[in-house]
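Asks: Pasted the sequence and its predicted model underneath.
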Amino acid sequence: MSDVDIWSQVVGPDGSLYLGVMNYPEYSVAKLDTAGNVLWNKSYDTVFLKYSGKTIMDIDGNLITLLSESNIIKTDTAGNIFASRKLALSTITGRYGTYVPDSYIGDVVVLANGDKVFLIWTNGAAQLFLVETSPDLATIRWTKVYSQWSDIQTKPAIMADGNNLVFATGFGLAGSGLQNRTVLMVLDGNTGATLQERWFGQLIYFQNLSRFNNGYLFAGAATSKDEMNFLNYDSLIYIRTDLSLNVLAANYFPSLSLDYVQGYPFLVKAQADGSAYGIYSSLDTMTLFQISPNDVIEWANSLPNTSSGFYQHARFLTLAPSAIYITTQEWSSATTAANIVLSPGFMLYKTSYSGSFPSCTKPGPGHMSMTPYPLFPVSPYIELTDTTAFTDSNYALQVVTAPAIIGNTCTSMLPSCDSLKVTGSPNVCDSGRFSGTTNLGCSLPVTWTVIGGPDTAIIHPENNNVVSISFPKSGAYMVKAIVNSNCITEDSMMVNVLTDKQCLTGFHMPNAFTPNGDGKNDIIRPLISGDVARYRFTVYNRWGELLFESSELLKGWDGTFLHTPQPAGGFVWYCQYQLQGQALQTQKGTFVLIR
């Protein structure tokens, strides 16, 4: 089946993988188990699908699937339809007059309250819509439009963040004499109101957005040229921001080739701690890499493309709890050994978080470098406005027989595991978290034991390489890790479990302060007892304006903003902190500034 495409990839709560497969003119959804076995595969009878086709996980554990002509279906996890809706666009006025253009749903996300937000664009009218519906898709809550969005090779992207919506798109009008623009936005998902926005003087083709604890990661391909087409973006980039969209870092990869036939095979996704995983394809290799929270490339691991013309286009990168899934498109009829051959032209890889591919894929070290990318802040170009352009209605759809998905898992000898390093805190209270890092290419699980100590420790595995260990009594213990491949590789570390007195912890925040320069109560800050591993303290005024933030434990607010004393009254504070070996905590409240 050469006329087949992979349009979506999502991991369910049970670890199953759902793939959206385009078998023109039908769209299929396939469910695979964690070993890559196809559990079921169903197609949905529809007309020619152009620009549409995606399956995501709903908040209730069921599936939402986008089809052509702005049609939407809800199915259970067996693929059975129990709701189908259509978002219909009424007559609009665009650059080609007043008419009803074709519209396509490009993406959908689910807010924390279950509401859905759809990203929809039109053909020819160059209009971009955001449409929010109720959880059952029966009611349209609000609709926003960019009425002059460009239709020349820019790609918008959306992401849910609780009940907020994160949105990004580029604007470029070929031949208009206008400069390129890109906007990053955070919207209130309940009303569509703009909460934050940042504009830049580049045109960015967004591939994906992701969230980490303290901000967002935007990834794609960028250009600073005035007129662009699909193939000549000049930089593969990612942008790291805080939750207010202030840019923390922007980097590009100068060593990556941009003459690849698809132009932008580049995906980056963040983890909660701010580290990120990325995938890049070229004519020679496909490279998986990790970026640290402070924006340093930790490692890169590559798979070779064959010399017979086979190469892979990275389509999806999914960070599941215990593995990374990568779906690629094969752009020739050549075959190769890989994890799972879904059908001629598509590959699914499952790899560990240390970048370990099966040895039959012939992994090797990758070569990546990055350098700061200059972003140019500019004034807003266009406003996101209200509209009532869409109506919502039922429509009929039936399930039809789906083409078979051909699966083949590669097998090989056990990889060589000749390096192992145990890391974790040497001083803990009643529990600690420990990692066993193996050499690149080793994907075997690590076996853990605890030796010595005044009592028996309890080991709680998290994944192949990470464990949490509970220690019932204070004292000295030895934590030991072993990988058993062709020969035994091991490492260990001594852990000192502290006494109850040493582990006393607590959080206290004053409710008032008097910054009058008398040396008493001149600053305000949280008082935290314990071994603090992470810390962030922020202060806001009654209008939500950020007045102060600090990651230094002993640094407090002195009652000024931009060197100007603030008036007496109430203020809001937030504090995120994490004690060594414990979960991240969030505290918030108010205090009074007295003058």
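Replies: Structure's in. What do you need?

Asks: Quick check: phi and psi at D33.
Replies: Dihedral pair for D33: phi -80, psi -180, per degrees, to the nearest 10.

Asks: for the stretch 151-300 of the chain, which spans come out with low pLDDT?
Replies: By pLDDT under 70, the low-scoring segments of the stretch 151-300 of the chain are 151-154, 172-179, 224-234, 254-265, 282-284.

Asks: mind listing the strands for it?
Replies: Ranges of strands in the stretch 151-300 of the chain, per DSSP state E, counting those that start in this stretch, are 157-161, 164-171, 181-188, 194-200, 203-212, 215-223, 235-242, 247-252, 266-270, 276-281, 285-291, 297-304.

Asks: What of the stretch 351-500 of the chain?
Replies: 364-365, 371-372, 385-386, 390-394, 399-401, 420-424, 427-428, 431-438, 447-451, 458-461, 466-470, 475-484, 488-497.

Asks: could you dump the strands of the stretch 151-300 of the chain to a markdown table with mean neighbour count and distance to D531?
Replies: C-betas here are computed from N, CA, C, even on glycine. Below are the strands of the stretch 151-300 of the chain laid out as a markdown table (neighbours: other CB atoms under 10 Å; distance: least, CB to CB, whole Å):
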| stretch | mean neighbour count | distance to D531 |
| --- | --- | --- |
| strand 157-161 | 20 | 30 |
| strand 164-171 | 24 | 33 |
| strand 181-188 | 22 | 34 |
| strand 194-200 | 18 | 34 |
| strand 203-212 | 22 | 23 |
| strand 215-223 | 24 | 25 |
| strand 235-242 | 23 | 26 |
| strand 247-252 | 17 | 26 |
| strand 266-270 | 24 | 26 |
| strand 276-281 | 24 | 27 |
| strand 285-291 | 22 | 27 |
| strand 297-304 | 18 | 25 |
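
Asks: so can I have a markdown table of those strands showing distance to L547?
Replies: Shown next, in a markdown table, are the strands of the stretch 151-300 of the chain (distance: least, CB to CB, whole Å):
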| stretch | distance to L547 |
| --- | --- |
| strand 157-161 | 23 |
| strand 164-171 | 22 |
| strand 181-188 | 19 |
| strand 194-200 | 16 |
| strand 203-212 | 24 |
| strand 215-223 | 19 |
| strand 235-242 | 15 |
| strand 247-252 | 19 |
| strand 266-270 | 27 |
| strand 276-281 | 30 |
| strand 285-291 | 31 |
| strand 297-304 | 35 |
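
Asks: Y44 touches E26, doesn't it?
Replies: Yes - under the criterion of CB atoms under 8 Å, Y44 makes contact with E26 at 6.6 Å.

Asks: So for T456, what's the nearest residue that isn't a sequence neighbour?
Replies: Counting by CB to CB, 6 or more residues apart in numbering, T456 lies nearest to P472, which is 7.1 Å off, once chain neighbours are set aside.

Asks: Quick check, pLDDT for the one you found.
Replies: We have a pLDDT of 88 for P472.

Asks: got the contact list for it?
Replies: P472 makes contacts with 430, 455-458, as judged by CB atoms under 8 Å, 6 or more residues apart in numbering.

Asks: Out of those residues, grab the one that's most surrounded.
Replies: A457 (21 neighbours; other CB atoms under 10 Å).

Asks: Skipping adjacent residues, who's closest to it in space?
Replies: Nearest non-adjacent residue to A457 (CB to CB, 6+ apart): V450, at 4.0 Å.

Asks: any idea how far V479 is from the one you found?
Replies: Distance, V450 to V479, by CB to CB, to the nearest Å: 6 Å.

Asks: Between those two, which contacts overlap?
Replies: Joint contacts of V450 and V479 (CB under 8 Å, 6+ apart) are I469.

Asks: Among these two, which residue is more densely surrounded?
Replies: Remark: of V450 and V479, V479 carries more neighbours, 26 against 20, as counted by other CB under 10 Å.

Asks: Distance check, the more buried one against G432.
Replies: 8 Å.

Asks: my guess is S210 meets I239, correct?
Replies: No - the pair formed by S210 and I239 falls short of the contact definition of CB under 8 Å, at 11.4 Å.

Asks: what sits in contact with each of these two?
Replies: 217, 219.

Asks: ok, and what's touching stretch 480-496?
Replies: Contacts of stretch 480-496 with the rest of the structure, by CB under 8 Å, 6+ apart, involve 414-428, 432, 434, 436, 438, 442, 444-451, 469, 471, 475-479.

Asks: okay, that stretch in PDB with CA atoms only?
Replies: C-alpha atoms of stretch 480-496 as PDB (Å, rounded to 0.1, in the frame of the first residue of the first chain):
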ATOM      1  CA  LYS A 480      23.900  -1.700  44.100                       C
ATOM      2  CA  ALA A 481      22.900  -2.000  40.400                       C
ATOM      3  CA  ILE A 482      23.700  -4.800  38.000                       C
ATOM      4  CA  VAL A 483      23.200  -5.300  34.200                       C
ATOM      5  CA  ASN A 484      23.600  -9.000  33.200                       C
ATOM      6  CA  SER A 485      24.400  -9.200  29.500                       C
ATOM      7  CA  ASN A 486      27.200 -11.300  28.000                       C
ATOM      8  CA  CYS A 487      29.100 -10.400  31.200                       C
ATOM      9  CA  ILE A 488      28.000  -8.800  34.500                       C
ATOM     10  CA  THR A 489      28.400  -5.000  34.700                       C
ATOM     11  CA  GLU A 490      27.800  -3.400  38.100                       C
ATOM     12  CA  ASP A 491      28.100  -0.200  40.100                       C
ATOM     13  CA  SER A 492      27.200   0.900  43.700                       C
ATOM     14  CA  MET A 493      27.000   3.900  46.000                       C
ATOM     15  CA  MET A 494      26.800   4.400  49.800                       C
ATOM     16  CA  VAL A 495      23.700   6.100  51.000                       C
ATOM     17  CA  ASN A 496      23.400   7.800  54.400                       C
END
